[in-house]
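S.K.: Turn this into a structure:
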Amino acid sequence: MPLRLAGEPAAVGTTRVLELKSVAQRFEFVDVAAAPVPSLLRGFSAPVRLVCDHDDEALALLASHDSDAVNRWDAAQRTYVNAILRLAHAHRNGNPLTLPPLLTQVVRRLLDDDASDPSLRALALELPDAAYVASLEPVIDPDAIGAALAFIERALAAELRNAFESAYRRHRLGGAYVWQPRPAAARSLSNLCLRFLGALDDDPVHGLAIEQFDTADNMTDSIGALRALRDSLSSPVRDAIYRRFEAKWRDEPLALDKWFDLQAQSARGDTLAVVRTLIAHPRFNTRNPNRVRSLVGAFALRNFARFNAADGAGYTFAAEQVRALDAINPQLASTIAGAFTLWKRFAEPRRTQMQRSLERIARTRGLSPDVGEVVMRTLAR
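M.R.: As a prediction, the model looks like this:
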């Protein structure tokens with residue numbers, strides 16, 4: 001819409017910069033023929049956190065059509081977050097979970113919009129981080145957030161299976177690998193689609209992932225195939241492809257770090273047992289910081305569901321690792337100890353379980369100042 005501020009003789013363009021010079025200011029636009037949906041902070045024009053009252057319909061419009069890449073991504077992510085929070089509430093109350101139609105509409109539009117940058121669409125379609133969404137609630141509830149996220153991923157994959165498969169195939173590139181921006185963007189979207197389809201965990205999806213792995217001539221597509229099967233309950237299929245990757249890349253540190261990382265971030269119920277097994281892997285070395293980050297750090301800091309398992313085993317494991325690592329690499333140990341930072345915001349029994357793990361670390365004889373400071377500050381919060 002053409003924009004004209006009150007007092008101006010004529011409209012000047014469709015984008016305006018409003019300079020804030022005081023605590024409270026009012027800007028009034030005139031000759032607005034229809035209710036507008038403002039696209040704010042275009043181009044990330046100011047390093048601020050913005051609170052605005054866009055409803056679901058407005059967010060869906062921006063996520064589907066905004067010409068500003070940052071705002072389109074932000075609107076899609078906010079659409080996801082709103083849906084996850086509502087479904088988490090429904091889960092806590094024992095109500096059935098249903099996929100919001102507007103979310104389905106936004107995802108379909110992003111999948112079909114081949115006129116837009118594939119890398120933007122991949123970022124917009126990415127499910128938001130579970131820990132971030134959970135932190136938006138006054139009391140952190142890993143079970144409800146996890147249930148909502150898992151439901152949305154699988155329900156979208158089922159509802160839009162044809163759209164995901166079509167977008168996946170359209171962005172699969174033939175010919176020899178070359179790194180250029182356009183092919184890289186296409187790979188990011190195709191692998192995002194494959195990851196969503198992986199939530200269906202059926203034979204056709206297994207076939208797609210195995211075919212991609214078999215024909216991959218670049219690490220992005222190889223990792224993309226592994227990531228699609230990361231949470232698969234079809235153990236023979238999943239285990240076989242992970243074994244093949246390890247056999248091929250066991251002598252390449254960066255590639256093997258990704259292999260450890262993917263398994264540590266799996267949502268499967270046996271993930272902690274797998275992580276404990278991998279600590280005994282011949283290529284795992286507690287004196288290699290990158291290797292520790294890729295396994296122990298990935299589990300404690302980036303696997304929200306399994307680290308916060310109801311039995312508290314994830315907390316016990318992380319505390320054990322912090323205590324053991326403190327004598328080797330206090331800085332890394334203190335980073336992993338940061339996984340307990342928000343313990344007071346968790347509901348019981350997790351709150352007490354996390355407190356006991358922190359206290360267990362605090363009682364470690366000869367605890368380093370690095371870890372000691374983090375733990376004592378966290379307990380005092």
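S.K.: Burial check on residue 363, number of neighbours?
M.R.: Residues lying near residue 363 (other Cβ atoms under 10 Å) number 10. Using the backbone N, CA and C atoms, a C-beta is placed for each residue, glycine as well.
S.K.: What separation do you get for it and residue 193?
M.R.: Residue 363 is 49 Å from residue 193, where distance means Cβ to Cβ, to the nearest Å.
S.K.: cool, and residue 136?
M.R.: 27 Å.
S.K.: Between these two, which has more neighbouring residues?
M.R.: Counted by other Cβ under 10 Å, residue 136 and residue 193 do not tie: residue 193 has more neighbours, with 28 against 12.
S.K.: Check what pLDDT that one gets.
M.R.: pLDDT for residue 193: 98.
S.K.: what about it, is that helix, strand or coil?
M.R.: With DSSP: H, G, I helix; E, B strand; the rest coil as the basis, residue 193 sits in helix.
S.K.: Correct me if wrong: it contacts residue 170.
M.R.: No. Using Cβ atoms under 8 Å, residue 193 is not in contact with residue 170, being 9.3 Å away.
S.K.: counting contacts, what elements does the strand or helix carrying residue 76 pack onto?
M.R.: Residue 76 belongs to helix 69-92 when assigned by DSSP states H and E. Here helix 69-92 touches helix 56-65, helix 101-112, helix 118-125, helix 130-135, helix 142-159, going by 3 or more Cβ pairs under 8 Å, 6 or more residues apart in numbering; DSSP states H and E.
S.K.: Give the buried residues for it.
M.R.: 69-85, 87-88, 90-91 (16 or more other Cβ atoms under 10 Å).
S.K.: What of stretch 23-33?
M.R.: Applying 16+ other Cβ under 10 Å to stretch 23-33 flags residue 29 as buried.
S.K.: what's the average pLDDT for that stretch?
M.R.: If you average the pLDDT values across stretch 23-33, you get 94.
S.K.: outside of that stretch, which residues touch it?
M.R.: Stretch 23-33 is contacted from outside by 1-6, 11, 18, using Cβ atoms under 8 Å, 6 or more residues apart in numbering.
S.K.: one more time with 6 Å
M.R.: Stretch 23-33 is contacted by residues 3-6, 18 when judged by Cβ atoms under 6 Å, 6 or more residues apart in numbering.
S.K.: For my notes, please list those residues in CSV and give pLDDT for each entry.
M.R.: Formatted as CSV, the contacts of stretch 23-33 follow (pLDDT from 0 to 100):
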residue, pLDDT
3, 93
4, 94
5, 94
6, 94
18, 92
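S.K.: Out of these, which end up buried?
M.R.: 3-4.
S.K.: ok, so of the contacts of stretch 23-33, who is nearest residue 42?
M.R.: residue 18 (11.2 Å; Cβ to Cβ).
S.K.: In contact with that closest one, which residues?
M.R.: residue 27.
S.K.: Tell me how far it lies from residue 175.
M.R.: For residue 18, the distance to residue 175 equals 48 Å [Cβ to Cβ].
S.K.: Ok, residue 117 next?
M.R.: 21 Å.
S.K.: In terms of neighbours, single out the busier of the two.
M.R.: A count of neighbours by other Cβ under 10 Å puts residue 117 above the other of residue 117 and residue 175, at 16 against 7.
S.K.: Now residue 133: closest residue in space that isn't a chain neighbour?
M.R.: residue 84 (5.2 Å; Cβ to Cβ, 6 or more residues apart in numbering).
S.K.: So the one you found sits against residue 134, correct?
M.R.: No. Residue 84 is beyond contact range of residue 134, at 9.1 Å (criterion: Cβ atoms under 6 Å).
S.K.: and the residue nearest to residue 196 when sequence neighbours are not counted, what does it touch?
M.R.: Nearest non-adjacent residue to residue 196, counting by Cβ to Cβ, 6+ apart: residue 157, 4.7 Å away. Residue 157 sits next to 196-197, 199-200 when contact means Cβ under 6 Å, 6+ apart.
S.K.: measure residue 157 to residue 81 for me?
M.R.: Using Cβ to Cβ, we find residue 157 at a distance of 19 Å from residue 81.
S.K.: and what of residue 356?
M.R.: Relative to residue 81, residue 356 is positioned 31 Å away (Cβ to Cβ).
S.K.: same deal with residue 103?
M.R.: Using Cβ to Cβ, residue 103 is found at 11 Å from residue 81.
S.K.: same thing with residue 64?
M.R.: Distance of residue 64 to residue 81, given as Cβ to Cβ: 17 Å.
S.K.: Apart from its chain neighbours, what residue comes closest to the residue nearest the centre of the chain?
M.R.: Residue closest to the average C-alpha location in the chain (Cα atoms, centre = their mean): residue 129, at 3.5 Å. Closest residue to residue 129 apart from its sequence neighbours, by Cβ to Cβ, 6+ apart: residue 304 at 7.5 Å.
S.K.: Check the one you found and give its pLDDT.
M.R.: 97.
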